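> Could you work out the structure for the sequence below:
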Amino acid sequence: MRKTFLSFSPPLIEEDEIKEVIDTLKSNWITTGPKTKKFEEEFRIYFNCSSSLALNSCTAALHTALVALGIGPGDEVITTPMTFCASVNVIEQVGAKPVLVDIEADTLNIDPLKIEKAITPRTKAILPVHYSGHPVELDAINEIARRHNLFVIEDAAHALSAKYKGKFIGSTNNPVCFSFYATKNLTTAEGGMLTGEPEFIEKARIVSLHGMSRDAWKRYSKEGSWYYEVVFPGFKYNMTDIQASLGLWQLKKLERFQNRRREIVKMYNKAFSNEEALELPVERPYVEHAWHLYVIRLNLNALKIGRNEFIDELNKRNIGTSVHFIPIHLHPYYRDKYRFRPEDFPIAYSNYLRVISLPLCPKLTDQDVNDVIEAVLDVVKSYKR
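All right, here's what the predicted structure looks like:
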């Protein structure tokens, strides 16, 4: 058994990032400035985005997108129950109503067949989440949105570097929201990016920084002007140059990081593929999975213990795990406000009871991965029916 605890998803920060942060700290500019602008542009080029806006979180990107699109009280936004609360909290924060629809049984992404049935005259947008890094069925969702004149706002917190039919997530004109949280495929510790059409991003830029017509870099640099106007009661969502310093190097290393993630996934798949107690994650043939998460599902009929006990047993073997996610309709705020029952979204609920996210990050060594495999198979062997 492993002697030290293996964290679920530690970040991989190397000397390049550290030196870049130090360079920023020694400069005259540490908040939003030249490095943030450079990161935005390099991100835009890498992922073939129309335009990009660096922010302090994916949550900020989601909130900013809703506000910039004019979604507010009386409106409805269709989304998935199988997501982190941020995806739905922002809908509440603009005064709109989140409308949940169930998920696909294989990918755990929102089910397009169920979306259309949930549309009402008040529906203004669809907010799909690319769960674990597997792209949603974008063609079907975009077609539904086109027919009903709806916006599509993609929550791509898990989907950095994912591709749908050969194109990067973020390369279309939909507003797309990325996360650079500490566990993500690219990290700036905290941070996010909003992409979309240039006109939309310029409006979002104003919304994201107090509604000011000029940011600090445009006001305090030699070429700038002190004068600005507040044209909208906006927010404080800007990314700093300290964060962008990390992002610049993480972006350069992203292909290497992704290759390592795929290597780990292959090791897991090979080790677990013949174990009837485990259901492995899928990757449809026309997508490229970002592999932010490696989510196994327990076949509870084949085991004497449940998911929670399985996690406890892995923890005893010094393997850190997580659960993605507690479905939205089970959280007290949403459960009580909208009178949800667990069985209202049966696919999300039944899968929640058996999902476990295993360690997956480029920092893992082959020995780390083998330790995870050994622990998982040992628990299965110990508690198999």
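> Can you tell me which residue is spatially central in the chain?
The centroid of the chain falls nearest to Ala157 when counting by CA atoms, centre = their mean (1.5 Å).
> now that one, nearest residue through space, not along the chain?
Nearest residue to Ala157 in three dimensions, chain neighbours excluded: Ser179, at 3.7 Å (CB to CB, 6 or more residues apart in numbering). Every C-beta, even on glycine, is put in place using the N, C-alpha and C of the backbone.
> For this protein, spot the helix or strand the model is least confident about on average.
When the helices and strands of the chain are scored by mean pLDDT, DSSP states H and E, helix 216-220 comes last with a mean of 56.
> if we can go back for a sec, what count of nearby residues applies to the residue nearest to Ala157?
Using other CB atoms under 10 Å, Ser179 is surrounded by 29 other residues.
> so it makes contact with Gly192?
Yes - Ser179 lies in contact with Gly192 (CB atoms under 8 Å); the separation is 5.3 Å.
> what's the overlap in contacts for those two?
Common contacts of Ser179 and Gly192, defined by CB atoms under 8 Å, 6 or more residues apart in numbering, comprise Ser57, Cys58, Ala157.
> so who does the first one touch?
In other words, Ser57. Contacts of Ser57 by CB under 8 Å, 6+ apart are Ser179, Tyr181, Glu190, Gly191, Gly192, Tyr237.
> farthest-separated two in the residues you listed?
Across those, the longest distance by CB to CB is 14.7 Å; it joins Tyr181 and Tyr237.
> and the nearest residue to Leu364 once chain neighbours are set aside, what element?
Distance criterion CB to CB, 6+ apart; nearest residue to Leu364, sequence neighbours excluded, is Ile264 at 6.0 Å. Applying DSSP states H and E as the criterion places Ile264 in helix 254-272.
> In that helix, which residues are buried?
Residues Leu254, Phe257, Gln258, Arg260, Arg261, Ile264, Val265, Met267, Tyr268, Ala271, Phe272 are the ones in helix 254-272 that count as buried (16 or more other CB atoms under 10 Å).
> can you redo these as JSON lines with distance to Ala118?
Putting the buried residues of helix 254-272 into JSON lines (distance: CB to CB, whole Å) gives the following:
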{"residue": "Leu254", "distance to Ala118": "35"}
{"residue": "Phe257", "distance to Ala118": "37"}
{"residue": "Gln258", "distance to Ala118": "34"}
{"residue": "Arg260", "distance to Ala118": "39"}
{"residue": "Arg261", "distance to Ala118": "34"}
{"residue": "Ile264", "distance to Ala118": "37"}
{"residue": "Val265", "distance to Ala118": "33"}
{"residue": "Met267", "distance to Ala118": "40"}
{"residue": "Tyr268", "distance to Ala118": "35"}
{"residue": "Ala271", "distance to Ala118": "39"}
{"residue": "Phe272", "distance to Ala118": "35"}
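> still on that earlier bit, out of the shared contacts of Ser179 and Gly192, which one sits closest to Gly320?
Nearest to Gly320 among the shared contacts of Ser179 and Gly192: Ala157, at 20.1 Å, using CB to CB.
> which residues sit in contact with the closest one?
Taking CB under 8 Å, 6+ apart as the test, what Ala157 contacts is Cys58, Phe84, Ala86, Val129, His130, Cys177, Phe178, Ser179, Tyr181, Lys184, Gly192, His292.
> make it 10 Å
57-59, 61-62, 83-84, 86-87, 129-131, 133, 177-181, 184, 192, 292 (CB atoms under 10 Å, 6 or more residues apart in numbering).
> With Ile18 instead?
Ile18 sits in contact with Ser245, Leu246, Trp249, where contact means CB under 10 Å, 6+ apart.
> now, which of those lie within strands?
With DSSP state E as the criterion, strands contain none of these.
> Number of residues surrounding the nearest residue to Ser87 once chain neighbours are set aside?
Of all residues not flanking Ser87 in the chain, Asp155 sits nearest, at 5.1 Å (CB to CB, 6+ apart). If you count neighbours by other CB under 10 Å, Asp155 ends up with 30.
> Surely Asp155 touches Met82?
No - between Asp155 and Met82 there is no contact under CB atoms under 10 Å: 11.3 Å.
> shared neighbours of those two, anything?
Ile110, Val129, Tyr131.
> Can you select the buried ones from those in PyMOL?
Buried residues within those, by 16+ other CB under 10 Å, are selected in PyMOL with:
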select buried, resi 110+129+131
